[in-house]
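Participant: Below are the sequence and a predicted model; questions follow.
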Amino acid sequence: MNVISSQNISFEFFPPKTDEGESQLQDTAIRLAEYHPHFFSMTFGAGGSTRAGTIEMVKMLQGKTSVPVAPHLACIGSSREEMVGVIRQYQDLKVRRIVALRGDLPSGMVQPGEFRYASELVALIRETAGDFFHIEVAAYPEIHPQAKSVEDDILNLKRKYEAGASSAITQYFFNPDAYFYYLDECAKHSIYMPIVPGIMPITQFSRLVRFSEMCGAEIPCWIRKRLESYGDDMESIKAFGFEVVFHLCQTLIAGGAPGLHFYTLNKSEATLKILENLNISIHRPNLPRYVASQKIG
Ligand code: FAD
């Protein structure tokens, strides 16, 4: 049986819109920092957040825990000059990892700006900062919804790899075969970088359906029907959701996945329950678990 350590685990957050949301995020981050994960990541743009909001939350997390923070950076709708400015700002903040994305144009916005694809942003980061950053990119075992073809989507990951990506995180999925098949396809295309599965804990039905429709992730029929059958019974949804996602993680680890990246939605409970039940050894560097009073700078 393959075993992974907490150094192969990462947690994704999004910039909250309210003070209450921010304090929930802080609590979640401090709780999850006890695992000494590889890194935290902070989304950009999704749900209408701004670049300034992402930068603020990166600074906040840097101040509250010793876990490295990786901002997501989406290039669609931006100029090269703007992107270079943000890359330099992250260098100044001693950020060493960036999740480089194309992103999606907000509805109503039609100008794509100077970038068409994430591979161009990866190339710009390398051109601007050399090897300073570890660059994560997005990967799609169930194929990106706008891909010209299945083959072209794999070739897109290869373009990002050849432009300088260091590793990839996948869109979430519930069918492990999609991931393992994708890994084989990537190997056939000589894409030699870790491809870490993105894990979405299931805690709610309607929101999961909405997200999945937006990002093209499939909810297998048997999972959808069971979740639907629980109606408003949140306890049963959470219990079933835990079983499904825990089993998925076990299968991924046993099959050799290089790590797990959790889409936490700024909550710790469901993720912690999965982690506590997985055979994950906790990596303990000689660092304080959290540094609530540490100054940023
Ligand atoms: P790209 O890799 O550029 O691909 C976009 C599409 O273009 C694909 O269909 C691809 O096949 C196609 N393509 C690429 N190059 C070419 C080419 N040369 N010719 C033809 N077709 C091409 N969204 C946010 O808004 N904020 C976030 O913080 C965020 N975080 C994410 C994190 C992860 C781990 C993942 C998996 C997704 C995330 N997303 C986020 C969603 C992502 O922005 C969308 O899926 C977006 O539609 C595509 O971004 P990308 O970086 O994958 O784009």
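Facilitator: Happy to help now that I have it. Numbering: from 1, shown residues only.
Participant: burial measure for residue 32, as a count.
Facilitator: Residue 32 has 24 neighbours, counted by other C-beta atoms under 10 Å. Yep, even glycine has a C-beta here, placed from its N, CA and C like the rest.
Participant: Run through the neighbouring helices and strands of the longest helix seen in the chain.
Facilitator: Using DSSP state H, we find that the single longest helix of the chain is helix 234-254. Contacts defined by 3 or more C-beta pairs under 8 Å, 6 or more residues apart in numbering; DSSP states H and E place helix 234-254 against helix 176-188, strand 195-199, helix 221-229, strand 260-263, helix 269-277.
Participant: which residues sit against stretch 201-213?
Facilitator: The contact list for stretch 201-213 (C-beta atoms under 8 Å, 6 or more residues apart in numbering) reads 200, 217-219, 223-224, 227-228, 230, 234, 237-238, 240-242, 244-245, 262-264, 267, 269-271, 274.
Participant: of those residues, buried ones?
Facilitator: Neighbour counting by 16 or more other C-beta atoms under 10 Å classes 200, 217, 219, 223-224, 227, 230, 237-238, 240-242, 244-245, 262-264, 267, 270-271, 274 among the contacts of stretch 201-213 as buried.
Participant: which one of the helices and strands packed on helix 234-254 lies closest to the ligand?
Facilitator: strand 195-199 (5.3 Å; C-beta to the nearest ligand atom).
Participant: Below-threshold pLDDT in the stretch 101-250 of the chain: ranges please.
Facilitator: Residue ranges of the stretch 101-250 of the chain with pLDDT under 70: 106-110, 112.
Participant: Tell me the residues of it that contact the ligand?
Facilitator: By C-beta under 6 Å from any ligand atom, the residues of the stretch 101-250 of the chain that approach the ligand are 101-104, 117-119, 138, 144, 146-148, 152-153, 156, 159-160, 169, 171, 198.
Participant: Turn the helices and strands packed on helix 234-254 into CSV, including distance to residue 22.
Facilitator: Formatted as CSV, the helices and strands packed on helix 234-254 follow (distance: least, C-beta to C-beta, whole Å):
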stretch, distance to residue 22
helix 176-188, 33
strand 195-199, 24
helix 221-229, 30
strand 260-263, 19
helix 269-277, 18
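Participant: Nearest to residue 15 among the ones you listed would be which one?
Facilitator: Among those, strand 260-263 comes nearest to residue 15, with 14.5 Å by C-beta to C-beta.
Participant: which residues sit against stretch 237-257?
Facilitator: Under C-beta under 8 Å, 6+ apart, the answer for stretch 237-257 is 1-4, 174, 176, 179-180, 196-197, 199-205, 223, 226-227, 230, 260, 270, 273-274, 277-279.
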